[in-house]
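Asks: Provided below for reference: sequence and predicted model.
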Amino acid sequence: MAKNPMRVAVTGAAGQIGYSLLFRIANGDLLGKDQPVILQLLEIDNEKAQKALKGVMMELEDCAFPLLAGMSAHSDPMTAFKDADVALLVGARPRGPGMERKDLLEANAQIFTVQGKALDAVASRNVKVLVVGNPANTNAYIAMKSAPNLPAKNFTAMLRLDHNRALSQVAIKSGVPVSQIHKMCVWGNHSPTMYADYRFAVTDDGKSLKDLINDEQWNRDTFLPTVGKRGAAIIDARGASSAASAANAAIDHVRDWVLGTNGEWTTMGVPSDGSYGIPEGVIFGFPVTTENGEYKIVQGLAVDEFSQERINNTLKELEEERAGVAHLLK
Ligand code: NAD
Ligand code: LMR
C-alpha cells in the first residue's frame with residue numbers, strides 16, 4: 001500500500017542551495033524511494049523572490065517526479081510550516097568574501113526567532129528541524145529556544161558538510177576510499193574552530209586511519225585548517241558559497257536521521273545532553289548513530305589533551321555566540 005505523503009518545508013527555496021536541494025527531495029533521496037512528499041516552500045515576501053520561486057516550482061513540475069504529491073509557495077512561515085514533518089531552514093543571508101559566519105549573527109538571528117515560533121505553533125509535534133543557514137549552530141539554538149512546546153531534541157544544525165569534507169581529505173591522504181572509512185566525527189561549531197577528528201576512524205577491515213596516516217603534523221597543519229576553512233576556500237574560488245555540496249549534506253543529514261545509520265557514525269549538531277562536558281542545550285557537533293528516527297550521541301570516547309583543547313575552543317566560541325543573541329531570546 002502506498003505511504004501517506006510527508007510534508008517537507010524548505011526555507012530559502014529560491015536560493016542557490018534550494019535549487020540543488022528540492023529536486024533531490026522530490027526524487028526520493030531524502031526520505032526514501034517509496035515515500036511521497038509534499039513540498040512547502042518559503043521565500044521572503046518580495047516580488048522577485050516569489051517570482052523566482054514560481055520558476056523553480058515550474059521546473060519541479062516539469063520533472064514529473066512520481067513521488068512529488070504536491071507543493072505550495074509561501075511568504076509566511078505560519079503557513080509554510082503547517083503540519084511539517086521535516087523543516088529545512090536554509091533561508092538566510094550567506095556570507096561574502098572576508099566575512100566570518102558569525103558576522104551573520106545579527107542579520108540572521110531575527111529570522112530564526114520568527115521561524116522557531118512558527119514551528120512551535122503549527123508544525124507536527126515530531127517535526128525534524130535541520131538548520132543550514134549560518135551561523136547554523138546558533139541559529140538552531142535560537143529556533144529551539146523560540147519553540148518551547150516542541151522537544152529540544154528535534155532541533156539540529158548541519159555539520160554534515162564538515163563531516164563529508166573530513167572524510168574526503170582523509171581518503172585522499174590515506175588512499176582508502178571514502179566508502180571504506182568509518183567512525184569519522186567533527187566536534188563543535190560549524191566554523192573554523194570545529195574539530196574534525198579521525199582518531200577513531202577505521203577501515204572496513206578494522207585498520208586505524210590514524211595509524212595508516214601516521215602524520216600528526218599533517219593533522220595539525222593541513223587537515224584541520226583545510227576542513228575548517230573549506231567554506232571560505234569555496235567562496236574564494238566560486239565567488240559564492242557552497243551550494244550543491246551543502247544541499248547534499250542536508251540530504252545526508254535528514255536521510256540518516258529518518259532512515260537510520262545501521263550502526264555507522266555520522267556527525268550532527270544536536271542540543272547537548274551534557275555529554276563530554278558540553279553544557280546542556282548548546283547545539284554542538286557530536287558523533288552520533290541513528291535508529292528509528294532518533295539520534296544517540298556516541299559515548300565513552302577518549303578525549304586526549306590536544307582534542308580537549310580543540311573542543312574547549314569551539315565551545316567557547318559557541319558560548320560567545322549564545323551570549324551575543326541572549327537579548328533576542330528574552
Ligand atoms: P542564497 O542567498 O542563494 O539563498 C538564500 C535564500 O533565502 C534567498 O532566496 C533569500 O530570498 C531567502 N531568504 C532569506 N531570508 C529568508 C527568510 N526569512 N525566509 C525565507 N527565505 C529567506 O543563499 P544560499 O547559498 O542558498 O545559502 C543559504 C544559507 O545557507 C546561508 O546562510 C549560507 O551561509 C548557509 N550555508 C550553510 C552551510 C552549512 O554547512 N551549514 C553550507 C552552505 C551554506
Ligand atoms: C560552508 O561551509 O561552505 C558554508 O557554511 C558557507 C560558508 O559561509 O562557509
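Replies: Yep, that arrived. Ligands and ions are numbered 1, 2, ... in the order given.
Asks: contacts and neighbour counts: CA atoms only from here.
Replies: Fine.
Asks: which residues are contacting stretch 268-287?
Replies: The contact list for stretch 268-287, computed with C-alpha atoms under 8 Å, 6 or more residues apart in numbering, reads 137-138, 140-141, 152-153, 155-160, 184-190, 253, 265-267, 288, 297-299, 315, 318-319.
Asks: in it, what counts as buried?
Replies: Buried residues in stretch 268-287, counted by 16 or more other C-alpha atoms under 10 Å: 268-272, 276, 278, 281-287.
Asks: coming back round to it: hmm, which of the contacts of stretch 268-287 are the buried ones?
Replies: 137-138, 140-141, 152-153, 155-160, 184-190, 253, 265-267, 288, 297-298, 315, 318.
Asks: which pLDDT value belongs to the closest residue to I283 other than its chain neighbours?
Replies: Nearest non-adjacent residue to I283, counting by C-alpha to C-alpha, 6 or more residues apart in numbering: P271, 4.2 Å away. On pLDDT, P271 comes in at 98.
Asks: measure P271 to ligand 2 for me?
Replies: P271 sits 19 Å away from ligand 2, taking C-alpha to the nearest ligand atom, to the nearest Å as the criterion.
Asks: repeat for G32
Replies: According to C-alpha to the nearest ligand atom, G32 stands 26 Å off from ligand 2.
Asks: also A121?
Replies: Look at A121 and ligand 2: by C-alpha to the nearest ligand atom, they are 28 Å apart.
Asks: that residue falls within a strand, correct?
Replies: No: counting by DSSP: H, G, I helix; E, B strand; the rest coil, A121 is not found in a strand; it is helix.
Asks: contacts only, for it.
Replies: The contact partners of A121, by C-alpha under 8 Å, 6+ apart, come to 78, 147.
Asks: G91: how many residues sit nearby?
Replies: Counted with other C-alpha atoms under 10 Å, the neighbours of G91 add up to 25.
Asks: tell me the SS of it?
Replies: Classification of G91 using three-state DSSP returns coil.
Asks: so what's the closest residue to it other than its chain neighbours scoring on pLDDT?
Replies: Setting aside the residues directly before and after it, G91 is nearest to G12 in space (C-alpha to C-alpha, 6+ apart), at 3.5 Å. At G12, the predicted lDDT confidence score is 98.
Asks: for G12, what are its contacts?
Replies: 18, 41-44, 89-92.
Asks: what's it sitting at in phi/psi?
Replies: Torsion angles at G12 (phi, psi; degrees, to the nearest 10) stand at phi 70, psi 30.
Asks: and the stretch 51-200 of the chain, which residues reach ligand 2?
Replies: Residues of the stretch 51-200 of the chain lying near ligand 2 by C-alpha under 6 Å from any ligand atom: 95, 101.
Asks: those strands in this structure, which residues are they?
Replies: Listed in chain order, the strands found in the chain under DSSP state E are 6-11, 37-42, 68-74, 86-89, 128-131, 155-157, 181-182, 185-187, 195-197, 202-203, 266-271, 283-291, 294-297.
Asks: could I get those as TSV with distance to L105?
Replies: Below are the strands of the chain laid out as TSV (distance: least, C-alpha to C-alpha, whole Å):
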stretch	distance to L105
strand 6-11	18
strand 37-42	21
strand 68-74	24
strand 86-89	15
strand 128-131	14
strand 155-157	15
strand 181-182	34
strand 185-187	20
strand 195-197	21
strand 202-203	37
strand 266-271	17
strand 283-291	15
strand 294-297	27
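Asks: show me the one of the ones you listed that comes nearest F306.
Replies: Taking C-alpha to C-alpha, strand 195-197 is the member of those nearest to F306, at 10.3 Å.
Asks: can the closest one be found next to ligand 1?
Replies: No: interface with ligand 1: strand 195-197 contributes nothing (C-alpha under 6 Å from any ligand atom), its closest point being 13.7 Å away.
Asks: and the nearest residue to I251 once chain neighbours are set aside, how far is that from ligand 2?
Replies: With C-alpha to C-alpha, 6+ apart as the criterion, I251 has its nearest non-adjacent residue at 5.3 Å, and that residue is L30. Separation of L30 from ligand 2 (C-alpha to the nearest ligand atom): 20 Å.
Asks: for L30, what are its contacts?
Replies: Listed by C-alpha under 8 Å, 6+ apart, the contact partners of L30 are 24, 251-252, 254-255.
Asks: max pairwise distance over the residues you listed: which two?
Replies: Within the contacts of L30, R24 and V254 form the most distant pair, 12.3 Å apart (C-alpha to C-alpha).
Asks: quick one: residues contacting the closest residue to ligand 2 within the stretch 51-200 of the chain.
Replies: Here the stretch 51-200 of the chain gets closest to ligand 2 at one residue, R95, 5.1 Å apart by C-alpha to the nearest ligand atom. Counting by C-alpha under 8 Å, 6+ apart, R95 makes contact with 101, 103-104, 241.
Asks: and it, backbone torsions?
Replies: Torsion angles, degrees, to the nearest 10, at R95: phi -80, psi 160.
Asks: give me the neighbour count for the residue of the chain found nearest ligand 2.
Replies: As assessed by C-alpha to the nearest ligand atom, ligand 2 sits closest to G231 within the chain, at 3.4 Å. G231 has 24 neighbouring residues, counting by other C-alpha under 10 Å.
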